[in-house]
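Asker: compute the structure for the input listed below.
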Amino acid sequence: MKKVERINTIMRYINNRSYFTISEIMREFNISRSTAIRDIREIEAMGMPLQAEVGRDGGYFVMNNSVLPSINFTDSEVKALFIAFMASRNQQLPFLKSRQSLAEKILGLIPENQQETLVLLNQILLFEGTNPNNPDLLELSDLPHPMLEQLIQLILLDRHLMITVNDGKVSKSYPIFLLHLYREKSIWQIEGYDFKEEKLRTFPVDQLTNVEIYPTKKRVNKKMVLENLRKQEREINLIIELGPKAIAQFKKYHPFKYSLSYTDPYQATAIFKTYINVNMPDELAEITNWLLFLGDDIKFREVPDEVLRSLRERINLY
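Answerer: Okay, here's the model as predicted:
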């Protein structure tokens with residue numbers, strides 16, 4: 001019996017009793033004392049409420065005699081779950097190393113005929129970023145920056161953070177209230193409100209060298225931050241109309257902060273509005289590249305001269 005299957009069976013056995021001993025588990029499942037103790041500890045870590053009884057012949061009380069109910073997946077649910085695992089395999093997701101043990105536990109809960117179906121799906125389906133010669137290969141580039149998991153653990157405790165960033169030249173620390181942690185262009189980004197400078201900042205997680213909870217007395221919340229940012233919003237200077245082809249391109253890729261306002265019930269036309277800081281060369285180059293990516297199914301309602309000039313220069317290069 002595989003470990004995952006054994007632990008699931010032990011959990012069902014325990015859940016039908018108010019009290020049990022290690023010796024009973026050893027006899028029932030024909031396992032050693034050390035294996036039984038390891039399995040019980042793992043079951044406790046999974047959330048089963050057990051209380052140990054001290055003494056040579058001591059055992060365990062099952063508090064409230066309750067545990068998560070056994071899970072029964074429909075055929076479609078199993079396929080949906082497994083395909084989601086496959087599609088996200090090479091996406092630099094946090095806690096990637098836990099995926100294998102999680103997949104094994106899920107497989108241990110389903111019948112063998114469903115397992116065979118998943119093996120066949122794994123052989124047939126390929127997703128973007130998958131190595132076609134070895135779909136199960138986990139490239140080094142698939143692993144996220146090691147700081148990402150630490151960052152997520154801290155965010156769950158407090159969103160007031162002190163982050164230290166090194167851009168390759170200098171290191172600098174910023175006290176921020178984290179708004180979003182997102183992935184764009186294969187890079188994880190932090191979007192946070194610098195509550196000393198009272199401005200929005202974005203940093204690549206790859207540039208983080210340290211992150212810790214910031215013990216500030218000046219507590220803020222998302223509502224306060226967004227209200228302050230709304231007061232700082234600059235006047236919109238780029239407005240474009242998008243047709244069906246441009247909308248399709250927008251859905252393929254758009255910067256995290258960009259959104260469309262559809263102008264018909266069939267979502268075949270839309271309006272896009274934003275502010276472009278034409279004095280920032282990187283921002284000007286980024287918007288130029290993106291507008292060219294949208295294609296010729298766009299019409300400008302309002303556009304800075306600098307953006308038009310950059311577009312013409314880029315087109316002439318072609």
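
Asker: tell me the contacts of residue 289?
Answerer: If a contact means C-beta atoms under 8 Å, 6 or more residues apart in numbering, then residue 289 has no contacts. Where C-beta positions appear, they are placed from N, C-alpha and C, glycine not excepted.

Asker: secondary structure element for it?
Answerer: helix 281-294 (DSSP states H and E).

Asker: the stretch 51-200 of the chain: helices as residue ranges?
Answerer: Ranges of helices in the stretch 51-200 of the chain, per DSSP state H, counting those that start in this stretch, are 75-87, 99-108, 112-124, 147-155.

Asker: I'd like those as a markdown table, with mean neighbour count appended.
Answerer: Below are these laid out as a markdown table (neighbours: other C-beta atoms under 10 Å):
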| stretch | mean neighbour count |
| --- | --- |
| helix 75-87 | 15 |
| helix 99-108 | 14 |
| helix 112-124 | 12 |
| helix 147-155 | 16 |
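
Asker: do you know how far the spatially most central residue of the chain is from residue 178?
Answerer: Centroid-nearest residue in the chain: residue 93, 5.8 Å away (criterion: C-alpha atoms, centre = their mean). Distance of residue 93 to residue 178, given as C-beta to C-beta, to the nearest Å: 18 Å.

Asker: chain center to the helix-or-strand element of the chain with minimal mean pLDDT: distance?
Answerer: One helix or strand of the chain scores below all others by mean pLDDT, DSSP states H and E: helix 99-108, with a mean of 70. On the basis of C-alpha atoms, centre = their mean, to the nearest Å, helix 99-108 is displaced by 19 Å from the centre of the chain it belongs to.

Asker: packing partners for that helix?
Answerer: The helices and strands touching helix 99-108, judged by 3 or more C-beta pairs under 8 Å, 6 or more residues apart in numbering; DSSP states H and E, are helix 3-15, helix 75-87.

Asker: out of those helices, the one nearest residue 297 is which?
Answerer: If you check each of those against residue 297 by C-beta to C-beta, helix 75-87 wins as the nearest, at 28.7 Å.

Asker: contacting residues around the closest one?
Answerer: Taking C-beta under 8 Å, 6+ apart as the rule, helix 75-87 contacts 73, 99, 103, 106, 110, 114, 117-118, 121-122, 125, 127, 130.

Asker: which parts of the stretch 201-318 of the chain are helices?
Answerer: Taking DSSP H, counting those that start in this stretch as the criterion, the stretch 201-318 of the chain carries its helices at 222-232, 244-252, 281-294, 305-317.

Asker: ok, back up a step: who touches the least confident helix or strand of the chain?
Answerer: 2, 4-5, 8, 81-82, 85, 89, 115, 118.

Asker: hang on, the earlier thing: next, format the helices and strands packed on helix 99-108 as CSV and append mean pLDDT.
Answerer: Output for the helices and strands packed on helix 99-108, formatted as CSV (pLDDT from 0 to 100):
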stretch, mean pLDDT
helix 3-15, 82
helix 75-87, 80
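
Asker: circling back: lowest mean pLDDT across the helices of the stretch 201-318 of the chain, which one is that?
Answerer: Per-stretch mean pLDDT for the helices of the stretch 201-318 of the chain is lowest at helix 222-232 (a mean of 83).

Asker: name the residues of that helix that come out as buried.
Answerer: For helix 222-232, the neighbour count (16 or more other C-beta atoms under 10 Å) marks residue 225 as buried.

Asker: before we move on, what about stretch 182-199?
Answerer: Residues 188-193, 195 are the ones in stretch 182-199 that count as buried (16+ other C-beta under 10 Å).

Asker: and for stretch 231-247?
Answerer: 237-238, 240, 242-243, 246-247.

Asker: quote the end-to-end distance of that stretch.
Answerer: The first residue of stretch 231-247 is 30 Å away from its last residue (C-alpha to C-alpha, to the nearest Å).

Asker: now the residue nearest to the centre of the chain: closest residue in space that isn't a chain neighbour?
Answerer: Nearest residue to residue 93 in three dimensions, chain neighbours excluded: residue 144, at 6.6 Å (C-beta to C-beta, 6 or more residues apart in numbering).

Asker: residue 87 versus residue 130, what's the distance?
Answerer: Counting by C-beta to C-beta - residue 130 and residue 87 are separated by 9 Å.

Asker: and what of residue 270?
Answerer: On the measure of C-beta to C-beta, residue 270 and residue 87 end up 27 Å apart.

Asker: closest one to residue 32 among the helices and strands packed on helix 99-108?
Answerer: Smallest distance to residue 32 across the helices and strands packed on helix 99-108 (C-beta to C-beta): 12.3 Å, for helix 3-15.

Asker: and that closest one, how far out from the chain's middle?
Answerer: Distance of helix 3-15 from the chain centroid (C-alpha atoms, centre = their mean) equals 30 Å.
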